[in-house]
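Enquirer: Kindly generate the corresponding structure for this input.
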Amino acid sequence: MKIISLAYLAVTTLLCSLITITSVVAQTLAPEIPKPEVAATTSSPRRNDSDQLIILPVGVNLGKQNVIPSTLVRGFEDGSQAINFQTWLIPLDDVIQGLKLDVKPLEDGQLEVRSPGLVTRINPEELPTDPELGLVIPVKTIQTLLGVPTEFDMIEYAITFNPPWLNLRRKGRRTPEIPVVLEGLSEIDAPAFSISAIRQRVNISGRGGGSSSVSNSTNYSGEFTTVGTLLGGSWFLRTRQPDLTDTGTFRLQEAQYFRQTDAADFVLGSQPTFWRNQGTGQYWGATTIQRWGFTPPLSRGGFSPTQRLQANDIGRSITGEAEPGTLVQLTQGFNDVVVDEILVDSSGVYRFENVITGRGGSNTYRVFLYPDGQLTAEPEIREANFSTLPGQLTKGASALVVSTGLSRESSQNGNFFGEFTDVRGGIAYRLGVTEDLTLGMGVVYDESVLGLGELFYQPAGFPLKVKVSALLGTEDEGIDYDASINFQPSPKLSFNFNSDSLAQRFRVNWQVFRGLTLRASGNTREEALAAGMSISQTSQNFSLFASADIDTNNNKRWSLRSNLGSLRLSHRGNEITTNSELIYYLSDSSASKGHSLLLGYETRDSNNRDDHLARLAWRYRSPQQSSDGRYLWDLDFGYGFGSRGNGLIASASSAVIPGLVLRLRYQEISTTSDGSTFRIELSPNINVQSGISGADTRFDRLRSRGGLLIQPFFDNNGNGKRDSGEEIYLEEPDLLLLVNNKSITSFRPDIRNNGIFVKLDPDTYRLDLDPAGYPIDWKPEESAYAVEVVPGSYTPVTVPMVLSYTFAGVVTDAAGEAVEGAKVEAVPVDSGKSIFSITNGAGVFYLEGLQQGKYNLLINGESAQPNQIEIKPDSEPFQELNLSILLSP
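Expert: Sure, this is the predicted structure:
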């Protein structure tokens, strides 16, 4: 190919030279003959220059790379150099191809031209049209409008483009996620009702001995909690057990049903009010929230009206002015990922609409302005940061909340449910009036009829946040309000002011420089002013953080934390107590894990008594942790010497048994007593879905979340159900399972003996089984599912894995010759999917994916010999079987 290319180039160069010589000779011999208008153009401003241009065959290079071997341009050269190269005309299509430009026609007839380093617009009506080449662009326009240095190489006889973006490293762009397709998949619904998990917490504590007048005693207390699913929502019960030996002391602490969607919520039972409480006791009732134009953040736990009336993200606008032709890029985050870009038109104004901020989006944006669309130029950078004001809504978004219920007082007469008394309730409406202002109003009945007003204000481009909520008509002062103002003129300086019916408070924080922060605060209720400072310093093997505060009432607080290699020092104190610890890590593992020695010292100055206690201890924390972040073993054993005597101080906790919280503490001495104390906490967390197993100790998060319980199992008898003795397959789930096109490991699955638990937010998910993770000779009956997840439970997904059989062999004809291209088909006798294979040149076929049962064998639609096979449970997964074509009768 290289020889052909060189020969082609040599011939082309020779022809061009002959054409040039002929042209020069002709001009010399016949100067009086007028030149023909070979370069007539429709709108060329350089008619005199173009009169000398002729058609030339040239190549086109992009840098050192040839991108067009040969094309035609209009130009002129004298054998040694290009003549009037700035006036040469190059077909627009060749420029687009040579520079690898992306061109998009616009509604106004212009062309938007994009490259890795350029975004601009070209008006085709302003370009010349050549009668032979069509729409062309002069070299000078390429250099000025596109900013691309261009030259002609006589040796290679090629036009070379040298755009400045050849080696440009482009900013990252937001990568669109692979769409999740659910249509056509087998659907698995979440359970309509379930009891998902239960927890019985038992606390045993006691004291004895010593000089204290307190008698020896042992207390048994506890708490019973359970959570589950009901009709697409979660239900939750919590019972307080002050004395486990007396069931008459048990009291229902919390009972709540909570159903949440993006557009509406419904909650029934114990719950907080959406207004400032005026009465006493818990509020039990029914509440609904309707939302339009926004989605709230997902609750983590029970119902919170404050959270459910917030927007997870807020659409803001970013506007500005720039010269026409400027490329404006909006970037997000610290890596400047390009979110959007605009080429400024003749108006000189750019505007980015619906820029997502808040919890659901980044609050850090920057605007890059590139003059003339040149991405290789130094851009002007403008900050476009936002802060989140809880309660603020996007313009036009709104919410309506309606609630009614009763007050509930704890009963002293043995009533498990308590006593329900006063009627309470209210209705309120909140509206995003503008991008900056959100207003709310409503009516509440709580001991009396009250008016409710709300204001949330955060002006764009000004670092101010204002939040006010007030109840009008209260009995005490006529108004019960809560107002907060935050002003942050710079990232290093902030002013906070808060006022309610009880007190007014302010706080100022100023980061003088990195590592030093000063602060001041005040509180009218305590009639005190306070000042403080914090310092921090970090290096490779050293870190230090210190903080100190003092107020006009002589209250003092200070703390110190420092690391130096394997040493860690911590100290904190106030006007009454101090506590210091020096830890030396003996293990090579990361800090806070492995073996360590601890030296502690604490003091207490109270009731005209000055006490102190020194402690020397050994501590061990296992490197391994449970799925919920607890150390499998956490042991602390030491001895104390103090003003009240000496004694043993020890504690231990374990997470070895999944779902079981076990904590022990024994102490013979402290700064407040010379008597011994002990505490035992035993808290089994049990998941009762699909058998009994240990549950996540944070299982109350199921109140707002759900999940999947995936059980791939070996279906030995092929009945599609998991029978006794059929093993669950738990090996390499990261290869086997995908959730919404992502590996299951990204969801931090909890692998237990009875399945794989995956926590997910309520939604419908796609679950795929990847062949890369199939056990050898086994495959699932279905490889993808659409699974519904609701709060309060794990949706069970049982995946039967059936043994897959393969038959391989050779097809021969009556003469014993191999038959190429024959269709070998296995058709189930009863029902099922047919399997076929096409023989290769050697007549070999493979029938894969066969299941247990009888199959009729066909070759090209006719019965084969043998004509039937039967696969039994004891059959080998791979068998050889040669087939022959039956002779026609």
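
Enquirer: which strand is the longest one in this structure?
Expert: strand 193-208 (DSSP state E).

Enquirer: and it, which strands flank it?
Expert: Strand 193-208 has the following strand partners under DSSP bridges: strand 217-230 (antiparallel), strand 676-687 (antiparallel).

Enquirer: I'd like these laid out as CSV, including distance to Gly442, mean pLDDT and mean neighbour count.
Expert: Heads up, the C-betas are built off the backbone N, CA and C, glycines and all. Converted to CSV, the strands paired with strand 193-208 look like this (distance: least, CB to CB, whole Å; pLDDT from 0 to 100; neighbours: other CB atoms under 10 Å):
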stretch, distance to Gly442, mean pLDDT, mean neighbour count
strand 217-230, 29, 92, 17
strand 676-687, 40, 90, 18
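
Enquirer: any chance of the ones you listed in CSV, plus distance to Val58?
Expert: Listed next are the strands paired with strand 193-208 as CSV, based on distance: least, CB to CB, whole Å:
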stretch, distance to Val58
strand 217-230, 73
strand 676-687, 75
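
Enquirer: quick one, which of these is nearest to Leu455?
Expert: Of all these, it is strand 217-230 that lies closest to Leu455, at 37.0 Å by CB to CB.

Enquirer: Could you check the angle the helix or strand just after the closest one makes with strand 217-230?
Expert: Counting by DSSP states H and E, the element after strand 217-230 in chain order, helix or strand, is strand 233-241. For strand 233-241 against strand 217-230, the angle by axes from the mean of the first three to the mean of the last three CA atoms, to 10 degrees is 170 degrees.

Enquirer: Tell me which other helices or strands strand 233-241 touches.
Expert: With contacts taken as 3 or more CB pairs under 8 Å, 6 or more residues apart in numbering; DSSP states H and E, strand 233-241 sits against strand 217-230, strand 251-260.

Enquirer: Contacts for the following helix or strand past the last one next, please.
Expert: Sequence-wise, the next helix or strand downstream of strand 251-260 (DSSP H and E) is strand 264-271. Among residues not part of strand 264-271, those counted as contacts by CB atoms under 8 Å, 6 or more residues apart in numbering are 233, 254-259, 282-291, 302-303, 305, 308, 405, 408.

Enquirer: sorry, back to before: nearest to Phe637, out of the helices and strands packed on strand 233-241?
Expert: Using CB to CB, those put strand 217-230 closest to Phe637, at 23.2 Å.

Enquirer: What are the buried residues along stretch 54-61?
Expert: By 16 or more other CB atoms under 10 Å, the buried positions in stretch 54-61 come out as Leu56, Val58, Gly59, Val60, Asn61.

Enquirer: Distance of the first one relative to Asp94?
Expert: Spatial separation of Leu56 from Asp94 under the definition CB to CB, to the nearest Å is 13 Å.

Enquirer: Give the burial count for Thr795, as a bare number.
Expert: Using other CB atoms under 10 Å, Thr795 is surrounded by 25 other residues.

Enquirer: contact partners of the strand or helix carrying Glu788?
Expert: Assigned by DSSP H and E, Glu788 falls within strand 784-789. For strand 784-789, contacts defined as CB under 8 Å, 6+ apart pick out 182, 185-190, 706-708, 760-769, 795, 797.

Enquirer: For the next helix or strand after that strand, name the packing helices and strands.
Expert: The helix or strand immediately downstream of strand 784-789 is strand 794-803, counting by DSSP H and E. Using 3+ CB pairs under 8 Å, 6+ apart, the elements in contact with strand 794-803 are strand 706-714, strand 755-760, strand 778-780, strand 784-789.

Enquirer: ok, back up a step: which of the contacts of strand 784-789 count as buried?
Expert: So, by 16+ other CB under 10 Å, the buried ones in those are 185, 188, 190, 706-708, 760, 762, 764-769, 795, 797.

Enquirer: Surely Glu447 and Gly279 touch.
Expert: Yes. In terms of CB atoms under 8 Å, Glu447 counts as a neighbour of Gly279; the distance is 5.5 Å.

Enquirer: which neighbours do these two share?
Expert: Asp422.

Enquirer: Run through the strands of the stretch 601-750 of the chain in chain order.
Expert: 609-621, 633-642, 645-654, 660-667, 676-687, 693-694, 706-714, 737-739, 742-743, 750-752 (DSSP state E, counting those that start in this stretch).

Enquirer: of all the strands paired with strand 193-208, which lies closest to Asn554?
Expert: strand 676-687 (32.4 Å).

Enquirer: Show me the contact partners of that closest one.
Expert: 196-210, 647, 659-668, 670, 692-697, 699, 757, 794.

Enquirer: re the thing from before, which among the buried ones among the contacts of strand 784-789 gets closest to Val227?
Expert: Nearest member of the buried ones among the contacts of strand 784-789 to Val227, counting by CB to CB, is Gly706, at 10.7 Å.

Enquirer: got the contact list for that closest one?
Expert: 190, 229, 759-762, 789-795 are the contacts of Gly706 under CB under 8 Å, 6+ apart.

Enquirer: Show the pLDDT at it.
Expert: For Gly706, the pLDDT comes out at 91.

Enquirer: mind checking how far it is from Pro131?
Expert: 71 Å.

Enquirer: what's the domain layout of the protein?
Expert: The chain breaks down into these domains under automatic domain parsing: 2-161, 183-219+587-592+608-803, 314-383, 805-885.

Enquirer: Let's have the ones you listed in TSV, adding distance to Phe266.
Expert: Below are the domains of the chain laid out as TSV (distance: least, CB to CB, whole Å):
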stretch	distance to Phe266
domain 2-161	47
domain 183-219+587-592+608-803	12
domain 314-383	23
domain 805-885	45
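
Enquirer: I'd like to know which of these lies nearest to Gly425.
Expert: domain 183-219+587-592+608-803 (23.4 Å).

Enquirer: That closest one: how far from the chain's middle?
Expert: Here domain 183-219+587-592+608-803 is found 23 Å from its chain centre; the criterion is CA atoms, centre = their mean, to the nearest Å.

Enquirer: Please apply the same query to stretch 133-142.
Expert: 48 Å.

Enquirer: can you tell me the average pLDDT over stretch 559-570?
Expert: Rounded mean pLDDT across stretch 559-570 is 91.

Enquirer: sorry, that was for stretch 859-869
Expert: On average, stretch 859-869 scores 88.

Enquirer: got it, and stretch 432-441?
Expert: Rounded mean pLDDT across stretch 432-441 is 93.

Enquirer: And for stretch 626-635?
Expert: Here the average pLDDT along stretch 626-635 is 85.

Enquirer: One more: stretch 519-532?
Expert: 92.

Enquirer: how about the helices in this protein?
Expert: 2-29, 47-50, 92-99, 139-144, 305-308, 733-736 (DSSP state H).

Enquirer: For the fourth one, C-alpha coordinates in PDB please.
Expert: What follows is helix 139-144, C-alpha atoms only, in PDB (Å, rounded to 0.1, in the frame of the first residue of the first chain):
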ATOM      1  CA  VAL A 139      -8.000  29.900   3.400                       C
ATOM      2  CA  LYS A 140      -8.000  33.300   5.100                       C
ATOM      3  CA  THR A 141     -11.500  32.700   6.400                       C
ATOM      4  CA  ILE A 142     -10.400  29.300   7.800                       C
ATOM      5  CA  GLN A 143      -7.600  31.100   9.700                       C
ATOM      6  CA  THR A 144      -9.700  34.000  10.900                       C
END
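
Enquirer: so how far is that helix off the chain centroid?
Expert: The answer for helix 139-144 is 46 Å, by CA atoms, centre = their mean.
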